[in-house]
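[1] fold the following for me, if possible:
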Amino acid sequence: MNNPSSSEYDPDASASLELFNFERPADTVMTYTGINNSPKYIIYGDSESEASNLKYNVYLSKEQGGGVVYESDSFTVTYTILDANGNSHTDVVEYRPDYLNNSNAKIEYNIYKFLAIGKNEVTLTMKAKNSSAKNSINFSVYMLQFEISSSFNYAKHWNSAQDIEVPVSVKRSNANLTLTIDVYIDGEYATLSGTTSASTWQVTTSELNPSRTF
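    Numbers count the residues shown, from 1 in each chain. Next up, the predicted model:
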């Protein structure tokens, strides 16, 4: 009797095969509230502003029986910041399950130390520890630096019929935004020189270091 070749059917080998049934994992979804992808603005030096100190909540849930069931799990958030100078910063933080699905336990993380003056790109990647559920969000953070200065000639004699004039100058790091400035002199809302009614100084996007007289 000839031995069967490798290409022939072998009933003994076939009998040793086993079948496995894999259950499809439940569709678990990770969501967040409290943050969005709109641009954010921070004044240089204001490390405790709302845009500097992120506060948000994370939820882990799945649909079951026509409703929503919340899952308990620990999770990580990877904070990635590409600063305005082109440097990348990454920090991975693990959070306990009690920070999940709990609107009273906000996650707080301050990104100020990673930012540079100019446009910064921020990405948050959230990942559950014991499932494949994850989510992410990215947004731009503009760190602005500007100074407002004024000069006044105290040596000049001003009579009561003469308007007092105060030159005001602005120096800023980013000219791509419209800046609104209200000027008060002796508690009175000042007017731009040459105008007759109180007006707000709108510094246009094309002006980097403008000056006006009030």
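
[2] and stretch 56-65, which residues are buried?
    For stretch 56-65, burial by neighbour count (16 or more other C-beta atoms under 10 Å) applies to 56-62. Backbone N, C-alpha and C define where each C-beta goes, glycine included.

[3] quick one: average pLDDT of it?
    What stretch 56-65 shows for mean pLDDT is 90.

[4] okay, and the helix or strand of this protein with the least pLDDT?
    helix 11-15 (a mean of 53; mean pLDDT, DSSP states H and E).

[5] just checking, what packs against whichever helix or strand comes after that one?
    Following helix 11-15 in sequence order, the next helix or strand is strand 28-33 (DSSP states H and E). Applying 3 or more C-beta pairs under 8 Å, 6 or more residues apart in numbering; DSSP states H and E, we find strand 28-33 packed against strand 53-64, strand 118-128, strand 134-144.

[6] turn these into a markdown table, including distance to Ile107.
    As requested, the helices and strands packed on strand 28-33 are exported to a markdown table (distance: least, C-beta to C-beta, whole Å):
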| stretch | distance to Ile107 |
| --- | --- |
| strand 53-64 | 6 |
| strand 118-128 | 9 |
| strand 134-144 | 13 |
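
[7] closest one to Thr31 among those?
    Of all those, strand 53-64 sits nearest to Thr31, with 4.9 Å by C-beta to C-beta.

[8] give me the sheet partners of the helix or strand following that closest one and which way each runs.
    Heading C-terminal from strand 53-64, the first helix or strand you meet, by DSSP H and E, is strand 67-70. The strands beside strand 67-70 in its sheet (DSSP bridges) come out as strand 53-64 (antiparallel).
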